[in-house]
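K.L.:
Sequence and computational prediction follow.
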Amino acid sequence: MLKKSYSKTGTVCRVTFKYTNEEQAESAVLAGEFNGWSLQQTPMKKLKDNSFSATLSLPAGQTYRFRYVLDGGVWVNDPEADGYAPNEYGEANSVLTI
């Protein structure tokens, strides 16, 4: 799930990424174009309902590809992403448009 909140100037968007975690993973990381696909830079917080959440402020007027990485190696998409785009591994990445 993606929740978007734009700044008053409209130049920055605060995006909350939330993953329901049906896989019952112990950890999750948000990896995407906005952080160089880093597996360390954006860890997600595990919530009481067992889902994961992370919030970033990103420049508006952009499109970003991203995925969630569960337990250090299982790459999954956001089922409610703005779209999907093929990647070089024969799979698809989630797309965020702000």
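P.N.:
Cool, the structure landed.
K.L.:
Show the pLDDT at residue 69.
P.N.:
Note on residue 69: pLDDT of 98.
K.L.:
what comes into contact with the helix or strand hosting it?
P.N.:
Per DSSP states H and E: residue 69 is located in strand 63-70. With contacts defined as Cβ atoms under 8 Å, 6 or more residues apart in numbering, strand 63-70 is touched by 17, 19, 21, 23, 25, 27-34, 39, 44, 52, 58, 75-78, 81, 85, 87, 93-98. In short, each C-beta sits where N, CA and C put it, glycine included.
K.L.:
just the buried members of those?
P.N.:
17, 19, 21, 25, 28-32, 34, 44, 52, 58, 76-78, 81, 93-96, 98 (16 or more other Cβ atoms under 10 Å).
K.L.:
From the chain's centroid, how far away is the strand holding residue 69?
P.N.:
5 Å (Cα atoms, centre = their mean, to the nearest Å).
K.L.:
Provide the strand pairings for that strand, with the direction of each partner.
P.N.:
Strand 63-70 pairs in its sheet with strand 28-32 (antiparallel), strand 74-76 (antiparallel), strand 92-97 (antiparallel), by DSSP bridges.
K.L.:
after the shortest one comes which helix or strand?
P.N.:
Next along the chain after strand 74-76, taking DSSP H and E as the criterion, comes strand 83-86.
K.L.:
How confident is the prediction for the closest residue in space to residue 70 that isn't next to it in sequence, by pLDDT?
P.N.:
In this structure, residue 70 finds its nearest non-sequential neighbour in residue 25, 3.8 Å apart by Cβ to Cβ, 6 or more residues apart in numbering. With respect to pLDDT, residue 25 scores 97.
K.L.:
got it, and the one 10 residues further on?
P.N.:
Per-residue confidence for residue 35 comes out at a pLDDT of 97.
K.L.:
among the strands paired with strand 63-70, which is nearest residue 5?
P.N.:
Across these, residue 5 has its closest neighbour in strand 92-97 (13.4 Å, Cβ to Cβ).
K.L.:
Thank you kindly, that will do.
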